[in-house]
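1. I need the structure of the sequence given here:
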Amino acid sequence: MISTKGRYALRVLLDLAQHSQMDYVPLKDIAQRQGISKKYLEAIVKELVAGQLLQGVSGKGGGYRLCRAPQDYTLGEILELTEGPLSSVACLVQGAEPCPRAHECQTLPVWAEFDRMTHDFFYSKRLSDLMEPDAAQARAEAEDAYKAEN
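-> Predicted coordinates for the structure are as follows:
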């Protein structure tokens, strides 16, 4: 399950992408537009800055801005930064100790397939897709049609 932290991180980055005509955006403005506590957002943006997804400047005229263009952010990288691994079971987390039952585990294939689908889904979606839902839908339909033909 994606927590409030992950969902709010997406909303913060989307808000910044939509208000990119401004230089640095004050956190109080984002909090007000999104209806989220500024105090809660402070912890989230601190993590986003540390993960090099945002740049922050303090003082007069300060605030936050994206480090890259919206199309250069995947939802997967944002969620993994704020949520941790998107793996459904501990034995499939990258770097986990090998499971002694892996060779005989009859459920492992279904978890591995689920994790691949989750990973591929979130890493195929870009922050810019959330800005243009109609364009994103059209691209997805075109991609599906192309895959069906080939």
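2. where's residue 86 relative to residue 111, distance?
-> With distances taken as C-beta to C-beta, to the nearest Å, residue 86 is found 12 Å from residue 111. The way it works is simple: take the backbone N, C-alpha and C, and place the C-beta from them, glycine included.
3. these two: who's more crowded?
-> Taking other C-beta atoms under 10 Å, residue 86 and residue 111 do not tie; residue 86 has more neighbours (18 against 15).
4. a strand runs through that one, doesn't it?
-> No - assessed with DSSP: H, G, I helix; E, B strand; the rest coil, residue 86 is coil; it does not lie in a strand.
5. all strands of this protein, in order?
-> For the chain, the strands defined by DSSP state E cover 54-57, 63-66.
6. just say which of those strands is most tucked in.
-> Compared across the strands of the chain, strand 63-66 shows the largest average neighbour count, a mean of 20 (mean count of other C-beta atoms under 10 Å).
7. centre of the chain to that one, how far?
-> The chain centre lies 16 Å from the centre of strand 63-66; the measure is C-alpha atoms, centre = their mean, to the nearest Å.
8. contacts for that strand?
-> Residues external to strand 63-66 that are found in contact with it (C-beta atoms under 8 Å, 6 or more residues apart in numbering): 12-13, 16-17, 20, 23-27, 29-30, 45, 48-49, 53-57, 73.
9. show the buried residues in the residues you listed.
-> 12-13, 16-17, 24-25, 27, 30, 45, 48, 53-54, 73 (16 or more other C-beta atoms under 10 Å).
10. farthest pair within those residues?
-> 27 and 73 (18.8 Å; C-beta to C-beta).
11. how about the strands of the chain, which one is nearest residue 34?
-> Among these, strand 63-66 comes nearest to residue 34, with 12.8 Å by C-beta to C-beta.
12. quick one: average pLDDT of the closest one?
-> For strand 63-66, mean pLDDT rounds to 94.
13. ok, stretch 36-50 next?
-> Stretch 36-50 shows a mean pLDDT of 96.
14. hey, which helix or strand in this protein has the poorest pLDDT?
-> None of the helices or strands of the chain scores lower by mean pLDDT, DSSP states H and E than helix 133-149, at a mean of 70.
15. quick check: the closest residue to residue 40 other than its chain neighbours vs residue 48, distance?
-> Among residues not flanking residue 40 along the chain, residue 8 sits closest, at 7.2 Å (C-beta to C-beta, 6 or more residues apart in numbering). Residue 8 is 10 Å from residue 48, where distance means C-beta to C-beta.
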